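K.L.:
what's the 3D shape of this:
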Amino acid sequence: MGFTYAHGLVLVMAAAASMLEVSVANKDWVSKSNYTGWGWGWGWSSNNNPLNETEGPNKIIVGGSENWRFGFNYSEWAFQNAPFYFNDTLVFKYDPPSNNTFPHSVYLFPDLWSYWNCDLKRAKMIANATQGGGDGFELALNRWRTYYFACGERNGFHCKVGGMRFMVMPLFRWHY
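P.N.:
Model (predicted):
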């Protein structure tokens, strides 16, 4: 029995549900976090201030101080920094190619299957090897969908072996 549309739909629904569950379960309940918090008014910090007091979208550097590089686990990074919110901006920073560095790029996969297999055939390059320099390449999470990111260099080797892939599904920020 082969992989069918129904299998794919079940996988996408399971991934979306698990990402929502992970983002909710992984959120800190104290105000020590450097992120915005839930925003639904459910959690309270130790000083009785509601979390998520940020009014607008955030700019998030992918990988934090590690930037976008080979050998870093971006899936773990995304898990630890979830949730991401609608209209947040991801910033991909990486060195331009030189004799001392490997080139990197940013690809957006159309579906979970392509992402899991690091299959670049239907993926779209959204940032080439030079666009990560300086202030980096920015992408706003402006659609309610799952975003599947990876480095496409060396025909997907950085994605498959180098840990350079992650997925996010932005949540809506609620104001109360």
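
K.L.:
mind listing the helices for the protein?
P.N.:
Counting by DSSP state H, the chain has helices at residues 5-25, 74-81, 112-117, 153-160.

K.L.:
those helices: lowest mean pLDDT?
P.N.:
Note on the helices of the chain: lowest mean pLDDT is at helix 5-25, with a mean of 48.

K.L.:
so where's the chain uncertain?
P.N.:
Filtered on pLDDT under 70, the chain yields the residue ranges 1-55, 175-176.

K.L.:
at 80 instead, please
P.N.:
Regions of the chain meeting the criterion pLDDT under 80 cover residues 1-56, 101, 174-176.

K.L.:
what ranges do the strands span in it?
P.N.:
Taking DSSP state E as the test, the strands found in the chain are 59-61, 89-92, 106-109, 124-127, 137-140, 147-150, 165-168.

K.L.:
so what touches the shortest one?
P.N.:
Residues external to strand 59-61 that are found in contact with it (CB atoms under 8 Å, 6 or more residues apart in numbering): Asn67, Asn81, Phe84, Asp88, Thr89, Leu90, Val91, Lys93, Gly136, Glu138. Where you see a C-beta, it was placed from the backbone N, CA and C, and this is true even at glycine.

K.L.:
list the residues that contact the fifth one.
P.N.:
The reference is to Thr89. Applying CB under 8 Å, 6+ apart to Thr89 gives the contacts Pro57, Asn58, Lys59, Ile60, Glu138, Leu139, Ala140, Leu141.

K.L.:
that one bridge partners, please.
P.N.:
Lys59, Ala140 (DSSP bridges).

K.L.:
quick revisit: got a quick PyMOL command for the buried subset of the contacts of strand 59-61?
P.N.:
Burial among the contacts of strand 59-61 is assessed by 16 or more other CB atoms under 10 Å; the matching PyMOL selection reads:
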select buried, resi 67+81+84+88+90+91+93+136
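
K.L.:
closest to Val106 out of the contacts of strand 59-61?
P.N.:
Ranked by distance to Val106 (CB to CB), the contacts of strand 59-61 are led by Leu90 at 9.1 Å.

K.L.:
didn't the closest one look like it was pressed against Val62?
P.N.:
Yes: here Leu90 reaches Val62: they are 5.4 Å apart, a contact under CB atoms under 8 Å.

K.L.:
measure stretch 96-108 end to end?
P.N.:
Using CA to CA, to the nearest Å, one end of stretch 96-108 lies 19 Å from the other.

K.L.:
what's in contact with that stretch?
P.N.:
Against stretch 96-108 from outside (CB under 8 Å, 6+ apart): 68-70, 92, 94-95, 120, 123-133, 137, 139, 147-154, 158-159, 164.

K.L.:
repeat that with 6 Å
P.N.:
68, 92, 94-95, 123-130, 133, 150-153 (CB atoms under 6 Å, 6 or more residues apart in numbering).
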